[in-house]
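1. quick check, what structure comes out for this input:
(one chain, ligands or ions: 2)
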Amino acid sequence: MKTLDLEARWQELADVKDALGARYWFPGTSGNLSIKVSDDPLEFLVTASGKDKYQRTDEDFLLVDRNNQPVEQTGLKPSAETLLHQKVYELTDAGCSLHVHTVSNNVISELYAEKGEITFHQQELIKAFNLWEEDAVLRVPIIENPAHIPDLADLLAERIEENVFGVLIRNHGITVWGRNAFEAKKHLEAFEFLFETHLALRLHTQGGR
Ligand SMILES: CSCCC(=O)C(=O)COP(=O)(O)O
Ligand SMILES: [Zn+2]
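-> Ligands and ions are numbered 1, 2, ... in the order given. Sure, this is the predicted structure:
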């Protein structure tokens with residue numbers, strides 16, 4: 001892995017972090033982000049655990065390997081949810097994975113938890129997921145939120161399949177991915193737009209029920 005690649009990926013992820021931070025999508029130090037630096041062996045930059053993600057510092061990210069262990073000696077701790085990012089890289093062609101907690105994704109995750117998914121169709125913004133046909137459907141699986149992270153990561157892995165670009169975690173947040181940082185951010189913005197629109201529409205047409 002070249003130092004130049006690492007530096008470029010670091011800046012890319014830091015810029016995404018700033019953009020999501022500007023939307024206040026990291027309440028209470030929640031959220032974690034990662035970007036792939038090397039495929040073989042798998043190495044990715046991931047946010048350090050428990051940090052104020054609205055700040056931009058030289059200690060925001062650390063490089064971890066396929067076992068979620070820091071590649072170099074560091075006092076930083078990888079995100080508690082690093083294993084979820086590793087599963088995404090293992091099971092998809094993703095180059096970047098983003099996890100945020102928002103009010104909208106939490107409310108949707110609870111409202112549709114029993115169904116195990118929420119679907120969107122006839123919504124212009126599903127084109128952000130490269131779904132262009134008039135009858136195309138975007139499916140967002142919803143999983144439970146066990147405290148034991150390996151169990152959570154297994155639930156996530158079970159729901160990853162073709163044309164799934166993100167998974168909601170009940171009363172927790174969403175994990176989203178894309179082939180690169182641009183696409184992952186695009187997907188996350190589109191999901192949040194769809195969730196907010198859906199909730200607003202429910203409020204107006206069904207009084208929130
Ligand atoms: C205070 S948020 C609880 C942990 C969490 O869900 C999260 O997204 C942040 O954890 P991290 O270890 O990545 O800071
Ligand atoms: Zn989280």
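
2. what residues does the chain have near ligand 1?
-> When proximity is defined by C-beta under 6 Å from any ligand atom, the chain lies next to ligand 1 at 28-32, 47, 49-50, 79-81, 99. In short, each C-beta sits where N, CA and C put it, glycine included.

3. which ones are touching the residue nearest to residue 149 when sequence neighbours are not counted?
-> Of all residues not flanking residue 149 in the chain, residue 83 sits nearest, at 5.4 Å (C-beta to C-beta, 6 or more residues apart in numbering). By C-beta atoms under 8 Å, 6 or more residues apart in numbering, the residues touching residue 83 are 68, 149-150, 152-153.

4. okay if I get those as CSV plus secondary structure and neighbour count?
-> What follows is these, written out as CSV (DSSP: H, G, I helix; E, B strand; the rest coil; neighbours: other C-beta atoms under 10 Å):
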residue, secondary structure, neighbour count
68, coil, 18
149, helix, 15
150, helix, 10
152, helix, 21
153, helix, 22
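
5. just name the shakiest helix or strand of the protein by mean pLDDT.
-> When the helices and strands of the chain are scored by mean pLDDT, DSSP states H and E, helix 3-22 comes last with a mean of 95.

6. which other helices and strands contact that helix?
-> Packing partners of helix 3-22 (3 or more C-beta pairs under 8 Å, 6 or more residues apart in numbering; DSSP states H and E): strand 32-38, strand 43-47, strand 61-65, strand 96-100, helix 181-206.

7. tabulate those (a markdown table), appending mean pLDDT and mean neighbour count.
-> Listed next are the helices and strands packed on helix 3-22 as a markdown table, based on pLDDT from 0 to 100; neighbours: other C-beta atoms under 10 Å:
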| stretch | mean pLDDT | mean neighbour count |
| --- | --- | --- |
| strand 32-38 | 98 | 24 |
| strand 43-47 | 98 | 24 |
| strand 61-65 | 98 | 21 |
| strand 96-100 | 99 | 27 |
| helix 181-206 | 97 | 18 |
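
8. identify whichever of those lies nearest to residue 140.
-> Of all these, helix 181-206 sits nearest to residue 140, with 7.0 Å by C-beta to C-beta.

9. before we move on, the earlier item: which of the residues of the chain next to ligand 1 are buried?
-> 30-32, 47, 79, 81, 99 (16 or more other C-beta atoms under 10 Å).

10. save the residues you listed as a markdown table, and put in distance to residue 109 too.
-> Shown next, in a markdown table, are those (distance: C-beta to C-beta, whole Å):
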| residue | distance to residue 109 |
| --- | --- |
| 30 | 14 |
| 31 | 15 |
| 32 | 17 |
| 47 | 21 |
| 79 | 20 |
| 81 | 15 |
| 99 | 13 |
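
11. show me the contacts for residue 123.
-> 138, 194, 197.

12. bridging residues for the first one?
-> Per DSSP bridges, the residues bridged to residue 138 are residue 120.

13. what sits against it?
-> 119-121, 123, 126, 129, 131, 163, 194.

14. repeat the analysis, applying 10 Å as the threshold.
-> 118-121, 123, 125-129, 131, 163-166, 190-191, 194 (C-beta atoms under 10 Å, 6 or more residues apart in numbering).

15. what does the last one give?
-> Residue 197 sits next to 104, 120, 123, 125 when contact means C-beta under 10 Å, 6+ apart.
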